[in-house]
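Asker: sequence and predicted structure below; questions after.
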Amino acid sequence: MKRLALFLLFFCFFHAGSCEEIVVCPDCPISTLASAVELAVDGDDIFIKEGIYEVSELVIEKAISIHGEAGTILDGNGLTILYIHHDSVSVHHIQLQNVATNYVEDRAALKCNDSDYLSIHNLVIRHVFFGIMIEKSKYGLVEHCDIQGDANEQNYLESANGNAIHLWYCEEMTIQFNTVMSHRDGIYFEFVKGSLITSNHSEGNMRYGLHFMFSHDNTYVRNRFEKNGAGVAVMYSSNVTMIENLFINNWGGSAYGLLLKDITDSELDGNVFKNNTIAISADNTGRIVMHNNRFERNGYAMRIMGNCNDNVITANDFVQNSFDITTNARTNYNDFNGNYWEEYTGYDLDRDGVGDIPFRPVKLFTYITAQAPAAIILMRSTFIDLLNLAEKVTPVLTPESLIDNNPQMQPVNDNAELSF
């Protein structure tokens, strides 16, 4: 909120002395956007009336606002439409379309470089390689944009599809209330710091709904990641806060809701993971607090590798998952405590809501299926149930230290109906 207020204050101050509105239409004295931009000075507002305008590689180097009315379309004819190289530029209420795939340059509907205090909102973007690319910029806002690419069964190569919203070397950015679909990655962050991603809907993207690389001190909250190749990947980053997001129906041979790779000092709070092949896959993560999350009807609720240390997994609900926890190590250096496990069959004689005997969430059967995947056909058999029970009583192969000493008798969260 502080970041957004700063942006609005700066933008309003800069444009307080706006000179005039420049109107563009086919029958107007100014009939092209290029002519309007050439005439404009800092603070001017360019209004584009309804119509289809061919605009390719138009460079914006002035602090101006560009907007249109219903039916205003800028067609790139295969090339990047707008290059923005100036602070305090606003582009809104326009449709941008037709930017072709190129294997030499990253073409996009909007390419912004060294552009602080950007305001990009209420855009419709269709049939483009990259949607919005922002590089080396600060204090920008991208909101209420509808970005849909062409990734499908006929156009299935990752290299032929760019990202819907792509940020590189940026700081203090806000990405909110956008719909991003059918691209390589829905939202991509690389070397981005101190930014907020909130209330976005990322669906049907080939690779990730959200992709973090080397991006620290960021927050994403109340986003929906659905039916992506994999939901979210957070890699080589620290101090990432993930609150009340919905990871749903990310299903496939190598799909997961959330991948944590080389992550430290971060938090997952109040998220819902539902119908994912693997809800969370954690590899070389440390000092992560995972609490108040719900894992429901996933193949694996959590796959946590042996190189994960000092993570705290507490007050989470594990419901109707095929496997709650799997690991590749015999030792455990993480704290599982106070979670609700639907498969817990212990008792609570003192009725304090906490099970009187510990719970071991790792099944022996996970080791069997890892060695012989075809054994999954035996999953619901009585023999396997007995095998798992025997391993819980006397652990031989499963990690003896991976145990919840205070299993809850009832679900501990009220986020089961989280949806947006």
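Answerer: Right, received. Where do you want to start?
Asker: ok, residue 137 - contacts?
Answerer: By C-beta atoms under 8 Å, 6 or more residues apart in numbering, the residues touching residue 137 are 112, 113, 114, 115, 116, 118, 170, 173. (C-beta placed from N, C-alpha, C; glycine too.)
Asker: poorly predicted segments of this structure, please.
Answerer: For the chain, applying pLDDT under 70 flags the ranges 1-19, 153-155, 365-399, 417, 419-420.
Asker: touching, residue 219 and residue 241? I think so.
Answerer: Yes. Taking contacts as C-beta atoms under 8 Å, residue 219 lies within contact range of residue 241: 4.3 Å.
Asker: measure residue 317 to residue 140 for me?
Answerer: According to C-beta to C-beta, to the nearest Å, residue 317 stands 37 Å off from residue 140.
Asker: of these two, which one has the most company?
Answerer: residue 140 (26 against 23; other C-beta atoms under 10 Å).
Asker: ok, the nearest residue to that one once chain neighbours are set aside - how many residues close by?
Answerer: Spatially, and ignoring its direct neighbours in sequence, residue 140 is nearest to residue 118 (3.7 Å; C-beta to C-beta, 6 or more residues apart in numbering). Applying other C-beta under 10 Å, we find 27 residues neighbouring residue 118.
Asker: what does residue 82 give?
Answerer: Neighbour count of residue 82, defined by other C-beta under 10 Å: 24.
Asker: ditto for residue 303
Answerer: So residue 303, with other C-beta under 10 Å, has 22 neighbours.
Asker: ditto for residue 331
Answerer: 10.
Asker: quick one: it from residue 263, how far?
Answerer: From residue 331 over to residue 263 the distance is 20 Å, taken as C-beta to C-beta.
Asker: what do you get for residue 276?
Answerer: Distance, residue 276 to residue 263, using C-beta to C-beta: 18 Å.
Asker: got it, and residue 316?
Answerer: Taken as C-beta to C-beta, the span from residue 316 to residue 263 is 18 Å.
Asker: strands of the stretch 251-400 of the chain, residue ranges please.
Answerer: 256-264, 267-269, 272-274, 278-283, 289-291, 294-296, 300-304, 309-314, 317-319, 323-326, 333-337, 340-341 (DSSP state E, counting those that start in this stretch).
Asker: so where do the helices sit in the chain?
Answerer: In the chain, the helices defined using DSSP state H lie at 2-14, 33-39, 364-371, 382-393.
Asker: rewinding a little: quick one: closest of the strands of the stretch 251-400 of the chain to residue 85.
Answerer: Proximity to residue 85, assessed across the strands of the stretch 251-400 of the chain by C-beta to C-beta, is greatest for strand 256-264 (34.0 Å).
Asker: in contact with residue 304, which residues?
Answerer: Contacts of residue 304 (C-beta under 8 Å, 6+ apart): 280, 282, 311, 325, 326, 327, 334.
Asker: now distance to residue 343 too, for the residues you listed, in CSV please.
Answerer: As requested, the contacts of residue 304 are arranged in CSV below (distance: C-beta to C-beta, whole Å):
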residue, distance to residue 343
280, 18
282, 21
311, 21
325, 11
326, 14
327, 17
334, 19
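Asker: tell me the one among the residues you listed nearest to residue 272.
Answerer: Ranked by distance to residue 272 (C-beta to C-beta), the contacts of residue 304 are led by residue 280 at 12.0 Å.
Asker: hmm, that closest one is touching residue 302, no?
Answerer: Yes. The criterion here is C-beta under 8 Å, and residue 280 meets it with residue 302 at 4.8 Å.
Asker: mutual contacts of these two, please.
Answerer: Shared contacts of residue 280 and residue 302, defined by C-beta under 8 Å, 6+ apart, are found at residue 295.
Asker: tell me the spacing between residue 90 and residue 172.
Answerer: Between residue 90 and residue 172 the computed distance is 17 Å (C-beta to C-beta).
Asker: rewinding a little: distance check, the residue nearest to residue 140 against residue 185.
Answerer: 20 Å.
Asker: what of residue 157?
Answerer: In this view, residue 157 and residue 185 are 14 Å apart by C-beta to C-beta.
Asker: looking at those two, which one has more neighbours?
Answerer: Between residue 157 and residue 185, counted using other C-beta under 10 Å, residue 185 has the larger neighbour count: 27 against 10.
Asker: list phi and psi for residue 271.
Answerer: Taking degrees, to the nearest 10, you get phi -90, psi 160 for the backbone angles of residue 271.
Asker: related to what we said a few turns ago, confirm for me that the residue nearest to residue 140 is in contact with residue 89.
Answerer: Yes. In this structure, residue 118 is within contact of residue 89 by C-beta under 8 Å, at 6.0 Å.
Asker: shared neighbours, the two?
Answerer: Common contacts of residue 118 and residue 89 (C-beta under 8 Å, 6+ apart): residue 112.
Asker: returning to that earlier point: switch the contacts of residue 137 over to TSV; also include distance to residue 343.
Answerer: Shown next, in TSV, are the contacts of residue 137 (distance: C-beta to C-beta, whole Å):
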residue	distance to residue 343
112	50
113	53
114	55
115	53
116	52
118	50
170	44
173	42
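Asker: of those residues, just the buried ones, PyMOL syntax please.
Answerer: PyMOL command restricting these to the buried ones, with burial defined by 16 or more other C-beta atoms under 10 Å:
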select buried, resi 112+115+116+118+170+173
